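Chemist: quick one: sequence plus predicted model below, questions after.
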Amino acid sequence: MEIIRVKNAEEGGKKAFEIIKDGMENGAKVLGLATGSTPITLYKEMTSSDIDFSDMTSVNLDEYVGLGGSDEQSYRHFMNVQLFDKKPFKATYVPNGKAEDLGSACKEYDKTIDENPIDIQILGIGQNGHIGFNEPGAPLDGTTSVVDLTESTINANKRFFDKVEDVPTKAVSMGIGSILKGKKIVLMAYGENKADAIKGMVDGPVTTEMPASALQNHDDVVVIIDEEAASKL
């Protein structure tokens, strides 16, 4: 793992954008994208740039079960607002959280991933070490599946909803095995509340109890963190 320390999320967004820009100049065509507050500074860099993304494809990590793209709390809506409405892509894929047959939808999404091999995968990390919505205990070779969100994840996400009862308890998530297929992985983390997860990911054993530790098995991972997130390394 290459670890890049930055002053803040704004500087981290610039570093991640440099990696994407360099990747595109060297032939990258597919980006694996993440939601949540962590990648927002990256998306600001992308939308304020003069780069044309109309020949690029994106594949998103996850979506809440029960929310469709028109729902303001859905990750499809988040991606549209933060990036796609300002910088059109050739194709954008987000799991279907409203599919009648979620099992079939998961298999279909794995097919999408295989048909669009990810050149650069963007990740955040949860306080419990989750990547995507792969919570502790998730198989390290897992594919796209419906996952139950832990209480800590629900609590972390409740700030985006009017009340905690509105927070979905399940999500469709790309599996850890699918994430590891990305040719290059860029993980960003900011703040002291991510320090334990970063410590476990970088220095701890590879274990299902720390899902992000699986990244130790990948040969091209860049970790962009501020001093607070790096404080326990």
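Modeler: Yep, it's here.

Chemist: low-scoring stretches of this structure, by residue?
Modeler: The model of the chain has no residue with pLDDT under 70.

Chemist: the longest helix in it is where?
Modeler: Once the chain is assigned using DSSP state H, the helix that runs over the most residues is helix 9-25.

Chemist: so which bits of it are buried?
Modeler: Neighbour counts over helix 9-25 (16 or more other C-beta atoms under 10 Å) mark 9, 11-13, 15-17, 19-20, 23-24 as buried. Heads up, the C-betas are built off the backbone N, CA and C, glycines and all.

Chemist: equivalent analysis for stretch 210-219, please.
Modeler: Neighbour-count burial for stretch 210-219 [16+ other C-beta under 10 Å]: 210-215, 218.

Chemist: reformat those residues as JSON lines; add secondary structure and distance to residue 49.
Modeler: Formatted as JSON lines, the buried residues of stretch 210-219 follow (DSSP: H, G, I helix; E, B strand; the rest coil; distance: C-beta to C-beta, whole Å):
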{"residue": "210", "secondary structure": "strand", "distance to residue 49": "34"}
{"residue": "211", "secondary structure": "helix", "distance to residue 49": "32"}
{"residue": "212", "secondary structure": "helix", "distance to residue 49": "28"}
{"residue": "213", "secondary structure": "helix", "distance to residue 49": "33"}
{"residue": "214", "secondary structure": "helix", "distance to residue 49": "31"}
{"residue": "215", "secondary structure": "helix", "distance to residue 49": "27"}
{"residue": "218", "secondary structure": "coil", "distance to residue 49": "27"}
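
Chemist: how about residues contacting the helix or strand encompassing residue 178?
Modeler: Using DSSP states H and E, residue 178 maps to helix 176-179. Here helix 176-179 makes contact (C-beta atoms under 8 Å, 6 or more residues apart in numbering) with 32, 61, 110, 113, 121, 123, 131-132, 134, 138-144, 185, 211, 214.

Chemist: give me the buried entries from those residues.
Modeler: 32, 61, 110, 113, 121, 123, 131-132, 134, 138, 140, 142-144, 185, 211, 214.

Chemist: all strands for this protein, in order.
Modeler: 2-6, 30-33, 57-60, 62-64, 91-93, 120-123, 145-148, 170-173, 184-189, 221-226 (DSSP state E).

Chemist: next, format these as CSV and append distance to residue 204.
Modeler: Converted to CSV, those look like this (distance: least, C-beta to C-beta, whole Å):
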stretch, distance to residue 204
strand 2-6, 15
strand 30-33, 24
strand 57-60, 27
strand 62-64, 24
strand 91-93, 32
strand 120-123, 17
strand 145-148, 22
strand 170-173, 22
strand 184-189, 15
strand 221-226, 14
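
Chemist: so which of the ones you listed gets nearest residue 105?
Modeler: strand 170-173 (6.8 Å; C-beta to C-beta).

Chemist: thanks again, I'm all set now.
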